[in-house]
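*Asks:* the following block contains a protein sequence and its predicted model.
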Amino acid sequence: MGAQGMLLDDGRLHLQHGPIDILIGADGEPAAVQQAHEAALLRFRGLLQELVDELPALRAPVRGACPVYGVVAQRMWQAVYPYRAAYITPMAAVAGAVAQELAAAYQRPGVRRAWVNDGGDIALHLTAGERFRVGLFADLDQWPRALAARGLAVDGVFDVGHDSPVRGVATSGWKGRSFSLGIADSVTVLAATAAQADAAATIVGNAVDLPHAGIVRRPANTIRDDSDLGTIWVTVQVPPLTPAQAQAALAAGCTRALQLRAAGHIVSCVITCQGWAASTDGGPARFLPLDAAVPGRAQHLLQETA
């Protein structure tokens with residue numbers, strides 16, 4: 001089945017093709033929003049095939065000169081290139097890069113703001129005076145069930161305004177749809193672009209770790225035979241941790257996130273692990289309890305990025 005597009009009752013556009021499942025929302029003049037939706041659907045058609053055509057190179061670790069030619073493929077490769085010292089492939093930025101490509105359709109007169117959500121990796125379009133509120137959901141394992149039951153309660157919120165450099169938000173974690181080498185429940189990254197946020201969330205998520213005999217890992221290709229991680233061991237189970245252990249893992253992740261912020265790769269990052277949270281905005285080694293039963297408890301960790 002080819003690319004499918006459907007306008008939902010609330011005005012959002014739902015796009016689906018193979019493994020890509022996207023929701024898009026936009027505000028502005030109705031005619032301009034409709035034209036933007038049509039442009040996004042037009043661009044979406046054929047996008048999956050563009051990636052499939054270069055899939056072997058996109059699943060290979062980044063080395064040397066860029067080997068891909070497509071616009072989205074090149075964006076993926078460029079987003080992960082700063083982390084080439086570690087094993088990373090352009091697939092670490094695929095969702096963010098796709099969201100970013102479709103968000104370009106809304107950068108037109110009459111569209112005040114828009115968001116493109118590709119499985120939790122979000123690209124934003126904001127005009128002067130506009131803002132967008134993004135929610136933090138700490139436990140990625142609970143997110144699909146909570147959403148299906150329409151019982152989704154966020155653990156924190158933050159605003160991104162037009163004056164902010166942030167136009168991309170991405171979340172990673174060992175319970176998410178992609179594999180992780182670390183043990184973070186969630187790593188939410190704010191960056192200048194969605195592709196950059198996607199790649200950085202993977203890198204920080206891999207760094208949230210500590211030595212623990214109870215952590216279970218398996219080769220990625222024994223879980224999913226087409227994984228771009230091949231025989232690299234990824235996290236499949238994390239036992240209950242003591243507060244000190246959770247905070248040690250958070251400290252490792254925060255150290256890496258602060259390095260990325262200092263290098264200009266990200267704007268901000270929030271990490272959660274078994275009821276604890278840490279943020280680059282709070283400085284290193286600032287850990288606070290995260291009570292998922294009280295929406296907004298983590299809000300003080302999330303600083304406005306204007």
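*Replies:* Now that the structure is in, tell me what you want to look at.
*Asks:* show me where pLDDT drops low in this protein?
*Replies:* 137-157, 282-306 (pLDDT under 70).
*Asks:* kindly recompute the last result at 80.
*Replies:* Judged by pLDDT under 80, the chain has its weakly predicted residues at 1, 135-158, 176-177, 281-306.
*Asks:* can you pull out the strands in it?
*Replies:* 4-7, 13-17, 20-28, 111-118, 121-126, 131-136, 156-161, 168-172, 186-191, 216-219, 233-237, 268-273, 276-279, 287-289 (DSSP state E).
*Asks:* turn those into JSON lines, including mean neighbour count and distance to residue 92.
*Replies:* C-beta coordinates here come from the backbone N, C-alpha and C atoms, glycine included. Output for those, formatted as JSON lines (neighbours: other CB atoms under 10 Å; distance: least, CB to CB, whole Å):
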{"stretch": "strand 4-7", "mean neighbour count": "14", "distance to residue 92": "26"}
{"stretch": "strand 13-17", "mean neighbour count": "19", "distance to residue 92": "21"}
{"stretch": "strand 20-28", "mean neighbour count": "19", "distance to residue 92": "16"}
{"stretch": "strand 111-118", "mean neighbour count": "23", "distance to residue 92": "14"}
{"stretch": "strand 121-126", "mean neighbour count": "25", "distance to residue 92": "11"}
{"stretch": "strand 131-136", "mean neighbour count": "17", "distance to residue 92": "21"}
{"stretch": "strand 156-161", "mean neighbour count": "19", "distance to residue 92": "23"}
{"stretch": "strand 168-172", "mean neighbour count": "29", "distance to residue 92": "9"}
{"stretch": "strand 186-191", "mean neighbour count": "30", "distance to residue 92": "12"}
{"stretch": "strand 216-219", "mean neighbour count": "13", "distance to residue 92": "18"}
{"stretch": "strand 233-237", "mean neighbour count": "17", "distance to residue 92": "13"}
{"stretch": "strand 268-273", "mean neighbour count": "29", "distance to residue 92": "16"}
{"stretch": "strand 276-279", "mean neighbour count": "26", "distance to residue 92": "22"}
{"stretch": "strand 287-289", "mean neighbour count": "15", "distance to residue 92": "27"}
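*Asks:* can I get those in JSON lines with distance to residue 83?
*Replies:* As requested, these are exported to JSON lines (distance: least, CB to CB, whole Å):
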{"stretch": "strand 4-7", "distance to residue 83": "34"}
{"stretch": "strand 13-17", "distance to residue 83": "28"}
{"stretch": "strand 20-28", "distance to residue 83": "24"}
{"stretch": "strand 111-118", "distance to residue 83": "20"}
{"stretch": "strand 121-126", "distance to residue 83": "17"}
{"stretch": "strand 131-136", "distance to residue 83": "24"}
{"stretch": "strand 156-161", "distance to residue 83": "24"}
{"stretch": "strand 168-172", "distance to residue 83": "13"}
{"stretch": "strand 186-191", "distance to residue 83": "13"}
{"stretch": "strand 216-219", "distance to residue 83": "20"}
{"stretch": "strand 233-237", "distance to residue 83": "17"}
{"stretch": "strand 268-273", "distance to residue 83": "15"}
{"stretch": "strand 276-279", "distance to residue 83": "21"}
{"stretch": "strand 287-289", "distance to residue 83": "25"}
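*Asks:* nearest to residue 65, of the ones you listed?
*Replies:* In terms of CB to CB, the element of these nearest to residue 65 is strand 186-191, at 24.2 Å.
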